[in-house]
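Novice: sequence? don't have it. structure:
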DNA sequence: AAGTAGATGTTCT
DNA sequence: GAACATCTACTTA
């Protein structure tokens, strides 16, 4: 399946089924930086923890652009976090990229992350954006425009996906909308 | 190994 | 003012 077909199914479906896919950013020199998506969280308008729960605002407007767009927001006054927008235009749903395992451009990520040990490079949503160089200027972008690239899982990988409660929220904590890749 | 505090800006009450 | 889809450094055991 194409990644767009997965995103169009909605954020919960996409958050689960994009685990194992590879997310890359194209650098200005043309090289790729990124890796395997290992952790995601889904958000929908019905969900009280979602930025879109109270409708469209200036900050969250990219979440209403429809499947395939990128929503980047500024978190806790310090960090950028990126989502892939899912569902149809106007539906206001997306999935937060919480973690990847780098497999391209690792040296660039180490520099951007101030030479953290590799295990800590991209194991959190703020860390992912810092390592990939994603900021507010990427808000509203489309992968089709070439800066973001999504590739299917490496066929040799055995994918075991686990659903858990989401991290860092205080409302609608009962939803099992965090998905992690359990490697074996 | 586990817990706490501090940084810091935007959004909402 | 308070809360916040976070991260790091520093404490205590």
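Specialist: Cool, got the structure. Please read these numbers as outputs of a predicted model, since none were measured by experiment.
Novice: where's the closest residue to DNA strand B within chain A relative to residue A:53, distance?
Specialist: Distances between chain A and DNA strand B by Cβ to the nearest atom of the strand are smallest at residue A:77, namely 2.9 Å. Just so you know, the C-beta spots here come from the backbone N, C-alpha and C atoms, and that holds for glycine as well. For residue A:77, the distance to residue A:53 (Cβ to Cβ, to the nearest Å) stands at 21 Å.
Novice: more neighbours, the two?
Specialist: For residue A:77 and residue A:53, the more surrounded residue by other Cβ atoms under 10 Å is residue A:53, and the numbers stand at 16 against 5.
Novice: re earlier: wait, a strand at the residue of chain A closest to DNA strand B?
Specialist: No - remark: residue A:77 does not belong to a strand; assigned using DSSP: H, G, I helix; E, B strand; the rest coil, it is coil.
Novice: and it, its phi and psi?
Specialist: Main-chain torsions, residue A:77, degrees, to the nearest 10: phi 70, psi 10.
Novice: check the gap between it and residue A:129 for me.
Specialist: For residue A:77, the distance to residue A:129 equals 14 Å [Cβ to Cβ].
Novice: before we move on, what about residue A:166?
Specialist: Between residue A:166 and residue A:129 the distance is 18 Å, computed by Cβ to Cβ.
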